[in-house]
Each structure stands twice: as C-alpha cells, then as structure tokens.
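[1] Fold the following for me, if possible:
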Amino acid sequence: MKVLIKTLTVTILAGGLVGCNGVNESQDRNDNDTRPIGYYSNEGDNRGDLDRGSGFISDMADRDVNDHTSTYHEDYDGKLAERIANKVNDIRGVDDAHVILEDNNVIVGVDTDENKKEELTKKVRETTADLAPNRDVKVVSDQKMVNRIENVDNDLRDGRAYTEVESDVRGISKDIVNAGSDLGNAIKRPFENNR
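    Residues are numbered from 1 along each chain as shown. This is a model prediction of the structure:
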C-alpha cells in the first residue's frame with residue numbers, strides 16, 4: 001500500500017511539473033498579445049464622413065483637403081467659394097487659390113511667383129467678379145496673408161461653422177483695408193484663433 005501511495009504521489013507531482021514546463025507567458029518578451037484601445041465614435045461630424053480607420057489624432061492633423069471632399073457647413077455658401085477657387089486656380093500663373101466669403105465681400109488669396117502680381121491680380125479680380133457680381137472682391141498675394149486665408153478656408157472646408165472663424169475673417173479683412181495697396185505691411189497683429 002505504501003508503494004502504491006508513493007507511486008501515485010510521484011505521478012501526480014510529475015504531472016503537475018509537466019504543466020509548468022512551458023514558457024511562462026509573462027516572461028515571453030516576444031509575445032505581443034496586447035489589444036489596441038481606441039476611442040472612436042459612431043457619430044458623424046459636420047463633414048459627413050466617419051474615417052473610422054484613422055482616429056482622432058490623425059483626423060486633427062489632417063490638413064490636406066485633397067484627400068477628402070470639401071464639405072462646408074450648411075450655413076456657408078461653400079459651393080460659390082469652391083467654384084471661385086477652381087476658376088482662379090485655372091488662371092495661368094496661379095499656383096494655388098483660397099477663397100473666403102464674408103458678407104458682401106469675397107477675399108481671394110493667391111499663391112503665385114513674384115513676377116507678374118499686378119497683372120495676375122487684375123485677372124483674378126475680373127474672374128471672381130464674374131462669378132460673384134454683387135460682391136466686393138479683394139485679391140491678396142502677400143504670402144503671409146495668403147497663409148492666413150488658407151488656414152481659415154481649410155477650417156471652413158472641414159465643416160467648421162462660419163461663426164467659429166468669424167473673428168479671424170474680420171481681422172484679415174481689416175488688415176487688407178488698413179494695408180491698402182501695400183499688402184507687405186498687412187500683418188500687424190498675430191493670427192487670432194477663437195476656438
């Protein structure tokens with residue numbers, strides 16, 4: 001009987017040790033079984049797209065308007081702004097154009113080389129006036145001012161309400177009026193961000 005108990009005890013202990021023979025998972029440095037945790041919402045945004053594959057950080061950093069269609073806020077005449085920008089971009093010598101509509105004004109920021117700014121500005125003004133005949137057209141080619149206009153235009157294209165960028169637009173408009181024909185002195189105050 002003692003032999004049977006000893007044999008049974010040894011068998012149980014040996015069976016228990018066999019279970020411990022494998023590598024402990026907590027000590028395996030190559031085990032990458034962590035689950036990714038992300039905070040996503042199934043609620044749509046103003047733009048109407050969900051971009052579930054990216055996430056909120058890449059969505060915030062996404063400033064390239066060419067990878068998704070522009071979806072302006074419903075209270076902003078984005079179709080007119082986009083139509084003007086497309087026509088101005090078709091003008092030879094214009095590298096890039098951005099448009100902001102403010103009350104009865106159309107502000108057009110034109111990125112171009114330094115050579116023929118006056119001639120190009122005249123063409124842009126005429127093209128814009130044909131598309132928005134009842135509005136005052138302001139054309140800007142100063143790079144710092146164009147960058148400010150582009151930032152606001154991108155915010156509007158991303159679906160932000162006009163009221164969110166209104167103080168920035170008024171500041172741009174004020175700086176254009178104060179600068180008159182000399183847009184090199186147009187940047188007298190920092191770009192406001194009212195968010």
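[2] which residues in this structure form helices?
    Secondary structure of the chain by DSSP state H: the helices cover 2-19, 56-61, 78-89, 117-131, 143-157, 162-179.
[3] Let's have those in a markdown table, adding distance to residue 105 and mean pLDDT.
    Backbone N, C-alpha and C define where each C-beta goes, glycine included. A markdown table is the format used below for the helices of the chain (distance: least, Cβ to Cβ, whole Å; pLDDT from 0 to 100):
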| stretch | distance to residue 105 | mean pLDDT |
| --- | --- | --- |
| helix 2-19 | 79 | 80 |
| helix 56-61 | 30 | 55 |
| helix 78-89 | 12 | 93 |
| helix 117-131 | 11 | 90 |
| helix 143-157 | 12 | 92 |
| helix 162-179 | 6 | 89 |
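[4] Next, format those as a markdown table and append mean neighbour count.
    Converted to a markdown table, the helices of the chain look like this (neighbours: other Cβ atoms under 10 Å):
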| stretch | mean neighbour count |
| --- | --- |
| helix 2-19 | 9 |
| helix 56-61 | 10 |
| helix 78-89 | 18 |
| helix 117-131 | 16 |
| helix 143-157 | 21 |
| helix 162-179 | 17 |
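[5] Make TSV from these and add distance to residue 97 to it.
    Below are the helices of the chain laid out as TSV (distance: least, Cβ to Cβ, whole Å):
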stretch	distance to residue 97
helix 2-19	71
helix 56-61	24
helix 78-89	4
helix 117-131	7
helix 143-157	9
helix 162-179	15
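[6] Cool, thanks, talk later.
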